[in-house]
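Participant: Okay, sequence plus prediction incoming.
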Amino acid sequence: MELPLSCAGLASAVLAQPCPLIFLDTAAILDILRVPFRHELQVDIVGSAVGIVDDAVTDPRRVWLVTSANVIHEFDDSRQYVREELDARLRDINLAMGRISNIARLVFPERRIGAFDLPELKLEHRIQGIVDKLVDSILVFRGSVTCIGRARDRLWAGLPPASRAKQEFKDCEIFEEFLELLSLLRTQGFEAPAIFVTPNKDDYGPPPDGHPRIFADLSALGASYAANLSWARSLIRPRTK
């Protein structure tokens, strides 16, 4: 991956070709790998990831897919663990499906019951490939040192995504980086939709609005809060047809 852009450098690129902007946090990317084994995650998150990548790499592009260097570092630290979890869960599912198929053949001898072999599909490789393409299509930037100070202030005040009981400096810094980028864009006439995507409702509050302070910070810049890629895409889909 190329070196991160400066906030001003990314803003210049976006302003040269204005279209909807989607900022992904770490969990929003990792959740693509978790869809097969976490029932609370929407299945169409995977399809939405494919669609958003298409929108990001087409010429002219239909969406800006961005994140900060902090997110990429967190993703790199967690990626292997989640991949191994995906592999293990799919192995368990395949064993269970094979066992059920064998029992069904005994219970229903008059019916032809075929086998469904997940290893043959190599589903985990396909999903990992989708994540790789998504990450490759993201433009990465690094916020200014001002974000660190603002994140520290947010942390000390116990403002979401931090709280008095939960110290979340890195999440605060990532959120401030998004706000810094969008503030810079808005002051230079950028009017397209901007969406902050995170499934972390414990720290950011329940969607669609989130914690009142998160809602206030995003609303002040005309931004939206989405819990996953499927939701984010639905907010821009009329503009990307």
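Facilitator: Ah, there it is. As the structure is a computational prediction, the values presented were derived from the model and not from experiment.
Participant: what's the closest non-adjacent residue to the residue most central in space within the chain?
Facilitator: In the chain, the C-alpha nearest the mean C-alpha coordinate belongs to A28, at 2.5 Å (CA atoms, centre = their mean). Nearest non-adjacent residue to A28, counting by CB to CB, 6 or more residues apart in numbering: V197, 4.5 Å away. Backbone N, C-alpha and C define where each C-beta goes, glycine included.
Participant: Quick one: residues contacting the one you found.
Facilitator: 22-25, 28, 226-229, 231-232 (CB atoms under 8 Å, 6 or more residues apart in numbering).
Participant: could you measure it against I130, distance?
Facilitator: As judged by CB to CB, to the nearest Å, V197 and I130 stand 16 Å apart.
Participant: Retrieve the pLDDT associated with G51.
Facilitator: At G51, the model reports a pLDDT of 96.
Participant: what's the spacing between the residue nearest to it when sequence neighbours are not counted and D132?
Facilitator: Distances taken as CB to CB, 6+ apart put R233 closest to G51, at 6.1 Å, once the chain neighbours are dropped. Distance, R233 to D132, using CB to CB: 19 Å.
Participant: still on that earlier bit, roughly how far apart are the residue nearest to A28 and S224?
Facilitator: Taken as CB to CB, the span from V197 to S224 is 9 Å.
Participant: that older thread, show me which of R233 and D132 is the more surrounded one.
Facilitator: R233 (24 against 11; other CB atoms under 10 Å).
Participant: Report the distance from the helix or strand harbouring the more buried one to the chain centre.
Facilitator: Assigning secondary structure by DSSP states H and E places R233 in helix 229-236. Computed by CA atoms, centre = their mean, to the nearest Å, the chain-centroid distance of helix 229-236 equals 11 Å.
Participant: And for stretch 207-221?
Facilitator: With CA atoms, centre = their mean, you get 18 Å for stretch 207-221.
Participant: Ok, stretch 7-19 next?
Facilitator: 21 Å.
Participant: Can you name the residues in contact with it?
Facilitator: Here stretch 7-19 has contacts from 5, 21, 60-64, 66, 139, 141-144, 177, 180-181, 184-185, 188-192, 239, using CB under 8 Å, 6+ apart.
Participant: In PyMOL, select just the buried ones from those residues.
Facilitator: Selection of buried members from those for PyMOL, criterion 16 or more other CB atoms under 10 Å:
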select buried, resi 5+21+61+62+63+64+66+139+141+142+143+144+177+180+181+184+185+190
